[in-house]
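*Asks:* Sharing a sequence plus its predicted fold:
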Amino acid sequence: MNFDQDIFSELRKNVRDFVAQKVEPLALKMDREDYFPEDVFKEMGRMGYLGITIPEEYGGTGLGYIGQAIIEEELGYSSPSLALSYGAHSNLTLDNLFRNGDRMQRERFVPDLCNGNKIGSLGLTEPSSGSDALAMKSSATLSGEYYILNGSKTYITNAPYSDIFLVYARTGDAYTAFIVLSDDEGFSRGKKFDKMGMRGSPTGEIFFDNIKLNRDRVVGEENGGKNIILGGLNSERVILSFIFVGLAKRALTEATQYSIDRKQFGEPLHRFEMIQDKLAMMYTEYRASKLLAYDALSSVENNNMDLKSAASSILYSAIVAERVSREAIQIMGGNGYMKDTGVERFLRDAILGQIGAGTTEIRKKLIASSLIKDFRKGRGIE
């Protein structure tokens, strides 16, 4: 796949300019005040960024996952928290709904999610089920032509602002995906969480109290929710990994510039071998994480994605982002530790990469299990 095609080069330039003009000036405010720039988010819709994977006939841009990854990477460079909200809306909710929804659902809900008139959230995690998502307790019981939905979801990105939720619930011994609207009777929001990092990306809880859902709110097949959950995981992991690729690049950029500007004992920091060692390893790990992410992205675009590739992409990019941002603080010393420079923010943001969307431990388990399974089938190691 050629990632240097003119259309993607132009997209990257446009997104980079947008981020510099609209996002970077607000990045510290977002972190300090846990401020979600709803106006900027909606402008991203008008720019065509939110519906980047959606065909033009439904209000999208039609540039696929490559375009989505580019946007995540550029947002992650300036504001990983906005990149997280973007991913939750554009990939986890909008793209998932489009891929699995019927024509009526696409026509009714997709355009508003593309243009930013509506904000979306994925409702999967519950108070007693995180890594073991299928242990959810939310349930939907069929009563005549309607499903009656009860339960709750927590740690939901964008929940305090979202209008449309793609929600998973038990339907007997199976699972079904539903479209839930914030103005549905019986829907309510809980508290907005005060987080360590990714501040400015609103996270909250939602509750369902006997919500009456017509069968036209079922996404995909009734009792087919498990397939939807598992079917989107690989692309979700790959796309979200680009947040941390962008974050690592920014931390490395700040550290490199500081090593040039700062002098100690009459010499710029970059002249000292210990600093050279740090910069060299930071760059190498950043580049390796980026190449791994783009290799996995190529597989997504070619519909040839396997679990190992997707899980290893987000596993490594998250580890590298945390390590590179930590080393950036070490190189910058007291300046890196101060909130005014904004560098310590990247370390706090990076930590979520090893917790959210599947923990590091779960990712390692998935990779190892898939590796053994493929090896036993004679596929070997590529």
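*Replies:* Cool, got the structure.
*Asks:* Tell me how far Ser139 lies from Ala174.
*Replies:* Relative to Ala174, Ser139 is positioned 11 Å away (C-beta to C-beta, to the nearest Å). The way it works is simple: take the backbone N, C-alpha and C, and place the C-beta from them, glycine included.
*Asks:* Settle it for me: which of those two has more neighbours?
*Replies:* Shown here are Ser139 and Ala174; by other C-beta atoms under 10 Å, Ser139 has more neighbours (17 against 13).
*Asks:* Ramachandran angles for that one?
*Replies:* With angles defined as degrees, to the nearest 10, Ser139 sits at phi -140, psi 150.
*Asks:* can you map out the strands along this protein?
*Replies:* Taking DSSP state E as the criterion, the chain contains strands spanning 120-123, 139-143, 146-157, 164-171, 174-181, 187-192, 203-214, 218-219, 263-264, 267-268.
*Asks:* and these, which one's lowest on average pLDDT?
*Replies:* Lowest mean pLDDT within those: strand 263-264, at a mean of 92.
*Asks:* Given that strand, what are its sheet partners and their directions?
*Replies:* strand 267-268 (antiparallel) (DSSP bridges).
*Asks:* What lies in contact with stretch 179-189?
*Replies:* Residues outside stretch 179-189 that contact it (C-beta atoms under 8 Å, 6 or more residues apart in numbering): 97, 101, 105, 109, 123, 149, 159-160, 162-167, 204-213, 217, 219.
*Asks:* Go again with 6 Å.
*Replies:* For stretch 179-189, contacts defined as C-beta atoms under 6 Å, 6 or more residues apart in numbering pick out Asp163, Phe165, Val167, Ile206, Phe207, Asp209, Asn210, Ile211, Arg217.
*Asks:* that older thread, which of the strands of the chain is buried the deepest?
*Replies:* Most buried of those, by mean neighbour count (mean count of other C-beta atoms under 10 Å): strand 120-123, with a mean of 28.
*Asks:* Tell me which strands that one pairs with, and in which orientation.
*Replies:* Strands that pair with strand 120-123, judged by DSSP bridges, come out as strand 164-171 (parallel).
*Asks:* Report the distance from the strand it pairs with to the chain centre.
*Replies:* 19 Å (C-alpha atoms, centre = their mean, to the nearest Å).
*Asks:* try stretch 189-201
*Replies:* Worked out by C-alpha atoms, centre = their mean, stretch 189-201 lies 15 Å from the chain centre.
*Asks:* can you list the domains in this protein?
*Replies:* Using automatic domain parsing, the domains assigned to the chain come out as 6-118, 122-225, 231-376.
*Asks:* Which strand residues bridge Ile148?
*Replies:* Here Ile148, judged by DSSP bridges, has bridge partners Thr141, Lys212.
*Asks:* In this structure it contacts Thr141, no?
*Replies:* Yes: contact status for Ile148 versus Thr141: in contact at 5.0 Å, counting by C-beta atoms under 6 Å.
*Asks:* what's the burial count for Glu185?
*Replies:* As a burial measure, Glu185 scores 9 neighbours (other C-beta under 10 Å).
*Asks:* any idea how far it is from Lys153?
*Replies:* 18 Å.
*Asks:* show me the contacts for the closest residue to Ala69 other than its chain neighbours.
*Replies:* Closest residue in space to Ala69, ignoring its immediate chain neighbours: Phe242 at 4.7 Å, by C-beta to C-beta, 6 or more residues apart in numbering. Residues near Phe242 by C-beta under 6 Å, 6+ apart: Ala69, Glu72, Glu73, Ala293.
*Asks:* okay if I get the strands of the chain as TSV plus distance to Ala255?
*Replies:* As requested, the strands of the chain are exported to TSV (distance: least, C-beta to C-beta, whole Å):
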stretch	distance to Ala255
strand 120-123	34
strand 139-143	50
strand 146-157	29
strand 164-171	39
strand 174-181	43
strand 187-192	33
strand 203-214	29
strand 218-219	44
strand 263-264	15
strand 267-268	13
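*Asks:* With Gly87 as the reference, name the closest of the ones you listed.
*Replies:* Proximity to Gly87 (C-beta to C-beta) singles out strand 146-157 among these, at 8.1 Å.
*Asks:* Give me the contact list for that closest one.
*Replies:* Outside of strand 146-157, the residues within contact range by C-beta under 6 Å, 6+ apart are 88, 121, 123, 125-127, 137-141, 169, 203, 205-208, 210-214.
*Asks:* For the stretch 251-382 of the chain, just list every one of the helices.
*Replies:* 273-301, 307-332, 334-337, 343-351, 360-376 (DSSP state H, counting those that start in this stretch).
*Asks:* Remind me what the second one packs against, helices and strands.
*Replies:* Going back to what we said before, that points to helix 307-332. Other helices and strands packing on helix 307-332, by 3 or more C-beta pairs under 6 Å, 6 or more residues apart in numbering; DSSP states H and E, are helix 225-261, helix 273-301, helix 343-351, helix 360-376.
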